[in-house]
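**Student:** Below: sequence and its predicted model.
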Amino acid sequence: MTTHPTLAQIDRYAAGDPGLDEPSVWAIEVHLEDCPDCRARLAGSTTADTRAVIDRVAMVLDRELAATPAPAGRTRSWSVLRHRWFVGTLLPWLGMTAAVLGCAALLSTLRTGLPSVVLLIAPVAPLPGVAVAWHRRADPAWELIAATPAAGLTMLLRRTAAVLAFVTPALALAGAGTGASLALMLLPCLAFTAAALLLGTFVGVRRAAIGLLAGWTLAVVAPSLATARIPTVMGTESVRVWALTTVVLTAMALLRVDGFRRMSHGD
């Protein structure tokens, strides 16, 4: 059962009675923290002098608040948005990707006997950017951002989206003059991006992107250039397969969301 201070004790506390010993003052203050009834009694026990002081403080605060400019609305600085969606170290990789696509388009135009080089490298075009989108060595602010709740899957998806936002128009532009199917360039591109994210939950996105890039180059690009033939996996009839593969890999990557939590520690 809670013991409340008496009304006389509350009056003495409110008046600042020096005769009230320190343990009693401490006990009353602790009790007032949890007892609204006694706080109400304390409010009614204030002296005229105390109320005058409170009124003067209230008046001063009102004047200062009235003279203070209204706080500006909360805005997200460009720096915060840039670090969430983009990082400066991506620029060289995106520039290299654009240069490779440009050379591939030029080579396809000059060497008519070769299959579309743009079509062959389209699936792996975003992988260099994805590899460095969220990595300890590629982001100067990595340690700062890694400690925030936005790190991990959220940050990786944002920066991957930024990479795709650059690579997709570049692919469309490079393939415009080659006659290559836009669907056959974009769907494999998305499928390999989803595959890199999915494998990244096991081995790290950087390793996954490098592995996919090397595997596709050795298994498809090199043989196709050597034989001057478009591989079956990049034929017109494979569009539906690539579309289904993209959906399945994306769904599997999202189901592996817990695996991205370690991305905050780098890969």
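**Tutor:** Looks like it arrived, so ask away.
**Student:** what bits of the stretch 1-150 of the chain have low per-residue confidence?
**Tutor:** Low-confidence segments of the stretch 1-150 of the chain (pLDDT under 70): 1-2, 45-51, 53-54, 70-88, 134-150.
**Student:** Let's see that with 50 instead.
**Tutor:** Judged by pLDDT under 50, the stretch 1-150 of the chain has its weakly predicted residues at 75, 77-78, 80.
**Student:** just how off-centre is stretch 110-125 within its chain?
**Tutor:** 33 Å (Cα atoms, centre = their mean, to the nearest Å).
**Student:** What strand or helix carries the residue positioned nearest the centre of the chain?
**Tutor:** The centroid of the chain falls nearest to Met155 when counting by Cα atoms, centre = their mean (2.6 Å). Element membership for Met155 (DSSP states H and E) is helix 153-176.
**Student:** Tell me the buried residues in that helix?
**Tutor:** By 16 or more other Cβ atoms under 10 Å, the buried positions in helix 153-176 come out as 153, 155-160, 162-164, 166-168, 170-171, 174-175. The C-beta positions use only the backbone N, C-alpha and C, and glycine is treated the same way.
**Student:** go on, stretch 200-212?
**Tutor:** By neighbour count with 16+ other Cβ under 10 Å, stretch 200-212 contains the buried residues 200-201, 204-206, 208-210, 212.
**Student:** now stretch 114-128
**Tutor:** The neighbour-count check on stretch 114-128 (16+ other Cβ under 10 Å) flags 115-128 as buried.
**Student:** Show me the helices in the stretch 151-267 of the chain, by range?
**Tutor:** Ranges of helices within the stretch 151-267 of the chain are 153-176, 182-203, 205-216, 222-227, 239-255, based on DSSP state H, counting those that start in this stretch.
**Student:** need those in TSV with distance to Leu20 and mean pLDDT, can you?
**Tutor:** Below are these laid out as TSV (distance: least, Cβ to Cβ, whole Å; pLDDT from 0 to 100):
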stretch	distance to Leu20	mean pLDDT
helix 153-176	56	85
helix 182-203	65	91
helix 205-216	67	92
helix 222-227	91	91
helix 239-255	65	92
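**Student:** okay if I get the buried residues of stretch 114-128 as JSON lines plus secondary structure?
**Tutor:** Formatted as JSON lines, these follow (DSSP: H, G, I helix; E, B strand; the rest coil):
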{"residue": "Pro115", "secondary structure": "coil"}
{"residue": "Ser116", "secondary structure": "coil"}
{"residue": "Val117", "secondary structure": "helix"}
{"residue": "Val118", "secondary structure": "helix"}
{"residue": "Leu119", "secondary structure": "helix"}
{"residue": "Leu120", "secondary structure": "helix"}
{"residue": "Ile121", "secondary structure": "helix"}
{"residue": "Ala122", "secondary structure": "helix"}
{"residue": "Pro123", "secondary structure": "helix"}
{"residue": "Val124", "secondary structure": "helix"}
{"residue": "Ala125", "secondary structure": "coil"}
{"residue": "Pro126", "secondary structure": "coil"}
{"residue": "Leu127", "secondary structure": "helix"}
{"residue": "Pro128", "secondary structure": "helix"}
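**Student:** quick one on the thing from earlier: between the buried residues of stretch 200-212, which sits nearest Arg229?
**Tutor:** Nearest to Arg229 among the buried residues of stretch 200-212: Leu212, at 22.2 Å, using Cβ to Cβ.
**Student:** residues contacting the closest one?
**Tutor:** Counting by Cβ atoms under 8 Å, 6 or more residues apart in numbering, Leu212 touches 124, 127, 192, 195-196, 199.
**Student:** what's around Cys189, how many residues?
**Tutor:** 23 (other Cβ atoms under 10 Å).
**Student:** Please read the previous query as pertaining to Val233.
**Tutor:** Using other Cβ under 10 Å, Val233 has 15 neighbouring residues.
**Student:** Next, work out how far apart the closest residue to it other than its chain neighbours and Ala58 are.
**Tutor:** Spatially, and ignoring its direct neighbours in sequence, Val233 is nearest to Val220 (6.7 Å; Cβ to Cβ, 6 or more residues apart in numbering). As judged by Cβ to Cβ, to the nearest Å, Val220 and Ala58 stand 77 Å apart.
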